[in-house]
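A.B. asks: predicted model and sequence below, questions to follow.
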Amino acid sequence: MSDVPSSSTQVVDYRRRQRLARIAQRLIIFGGSILLAVYVIAPVTWLVSSSVQTEAEIVSVPPHWIPEEPTLRNFKAIFSATEEETVTYETRSGQDPAAGGFIPSTASSLLPAMANSLTVATLVVILNLLVAVPAAYSLAKIRTWGRNATVYFILITRVIPDIALVVPFFLVIRKLGMLDTIGSLVLTYLAVTVPFSVFILLQYFEGLPDELDKAARVDGCSRFQALIRVFLPLSLPSLVAVVLFTFLTSWNEFLLALMFTQTEASQTLPILLAAFTSDFTISFSFINAAGVLAIIPPVIVAIIFERYIVSGLTAGAVKG
């Protein structure tokens, strides 16, 4: 008898190897997904958990992921802090840092700083759309001399790192007399976000057929009416991507806000959170409670526009 395996046996072995390869591939993907999820979720979980812990629990070894004695004292301090509760060296020296009763002297400014951040982010989003949408539409659908040069110039502005623009921005803002105002942040954030927003919207508008614009013009629409009635409804995913990018950039920006704001009347949330570490003693639980409040607005925005996030971020990436 011959020792050569039959063709049916070879087919069975091949299918078995294919099945094992698919199972191994799925296990690798599943394991990688679990590791990635833990890597992303673990810091946020610890932030939320430690915000309701005492100082003794936070510094304990091993760490307590589930608080043994949860407390809302830090959140209560944020919403009830007043100027009379300002901590000085004399009032702080007799307290035990591990007791968790330490409140930074700038705690009363946290909510106003959140209001400043929300005001700046909202204004930047609105003004950014008012500037970027018409600019992207005109570059995509109106063929004029110098169009390509304009697009390349917009892209070049995004290559320059923000830190290289601090001194020019500072000189301009000082010349305009806008130092230590919310307006200085709105103006500089627009200079940072508008070029990228125009680029995103330009790619999306170029992916829409020119026949839509021509049909709208034939029906009697002006350029502005064609933009409002035809292209904006179709470009909703890209608009959401621009809104998310602009809001998160304005909400999280630190360097420019540090340079242009000096008083609590105009300081935004990232500046105040950094100031919590420069007091007599650092309260990790209080800082984490403030961090929980800081991530709530971006999370709410992401939840509202969740269905458009993926399609918006990939808008214009593939052209038919």
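C.D. replies: The structure has been received and is ready for your questions. Residues are numbered from 1 along each chain as shown.

A.B. asks: show the pLDDT at Leu72.
C.D. replies: At Leu72, the predicted lDDT confidence score is 84.

A.B. asks: could you find the closest non-adjacent residue to it?
C.D. replies: Val52 (6.4 Å; CB to CB, 6 or more residues apart in numbering). To be clear about C-beta, it is placed using only N, CA and C from the backbone, and glycine gets the same treatment.

A.B. asks: also Ser235?
C.D. replies: With CB to CB, 6+ apart as the criterion, Ser235 has its nearest non-adjacent residue at 5.3 Å, and that residue is Tyr204.

A.B. asks: show me what counts as buried in the helix or strand containing that neighbour.
C.D. replies: Following DSSP states H and E, one finds Tyr204 within helix 182-207. The neighbour-count criterion (16 or more other CB atoms under 10 Å) identifies 182-190, 192-205, 207 as the buried residues of helix 182-207.

A.B. asks: try stretch 259-278
C.D. replies: Neighbour-count burial for stretch 259-278 [16+ other CB under 10 Å]: 259-261, 264, 266-273, 275-276.

A.B. asks: now the residues you listed in a markdown table, with distance to Leu236, secondary structure and pLDDT?
C.D. replies: Listed next are those as a markdown table, based on distance: CB to CB, whole Å; DSSP: H, G, I helix; E, B strand; the rest coil; pLDDT from 0 to 100:
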| residue | distance to Leu236 | secondary structure | pLDDT |
| --- | --- | --- | --- |
| Met259 | 35 | helix | 89 |
| Phe260 | 33 | helix | 90 |
| Thr261 | 34 | coil | 89 |
| Glu264 | 38 | coil | 82 |
| Ser266 | 34 | coil | 88 |
| Gln267 | 34 | coil | 89 |
| Thr268 | 29 | coil | 92 |
| Leu269 | 29 | helix | 91 |
| Pro270 | 30 | helix | 91 |
| Ile271 | 34 | helix | 90 |
| Leu272 | 35 | helix | 87 |
| Leu273 | 33 | helix | 86 |
| Ala275 | 39 | helix | 81 |
| Phe276 | 39 | helix | 79 |
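
A.B. asks: contacts only, for the residue nearest in space to the middle of the chain.
C.D. replies: For the chain, Leu248 is the residue whose C-alpha lies nearest the centre (CA atoms, centre = their mean; 3.0 Å). Leu248 sits next to Pro298 when contact means CB atoms under 8 Å, 6 or more residues apart in numbering.

A.B. asks: quick one: name whatever helix or strand follows the host helix or strand of Val124.
C.D. replies: Using DSSP H and E, the element containing Val124 is helix 110-141. Downstream of helix 110-141, the next assigned helix or strand under DSSP H and E is helix 147-159.

A.B. asks: residues making contact with that following helix?
C.D. replies: Leu139, Pro195, Phe196, Val198, Phe199, Leu202.

A.B. asks: pull the contacting residues for the fifth one.
C.D. replies: Residues counted as contacts of Phe199 (CB under 8 Å, 6+ apart) are Ala136, Val151, Ile154, Leu155, Arg158.

A.B. asks: which of these ranks first by neighbour count?
C.D. replies: Ala136 (27 neighbours; other CB atoms under 10 Å).

A.B. asks: excluding chain neighbours, what is closest to that one?
C.D. replies: Leu201 (3.4 Å).

A.B. asks: the one you found contacts Val243, correct?
C.D. replies: No: at 11.3 Å, Leu201 does not count as touching Val243 under the criterion of CB atoms under 8 Å.

A.B. asks: quickly find the element holding the residue nearest to the centre of the chain.
C.D. replies: Secondary structure from DSSP H and E places Leu248 in helix 236-252.

A.B. asks: buried ones in that helix?
C.D. replies: Across helix 236-252, burial judged by 16+ other CB under 10 Å covers 237-247, 249-252.
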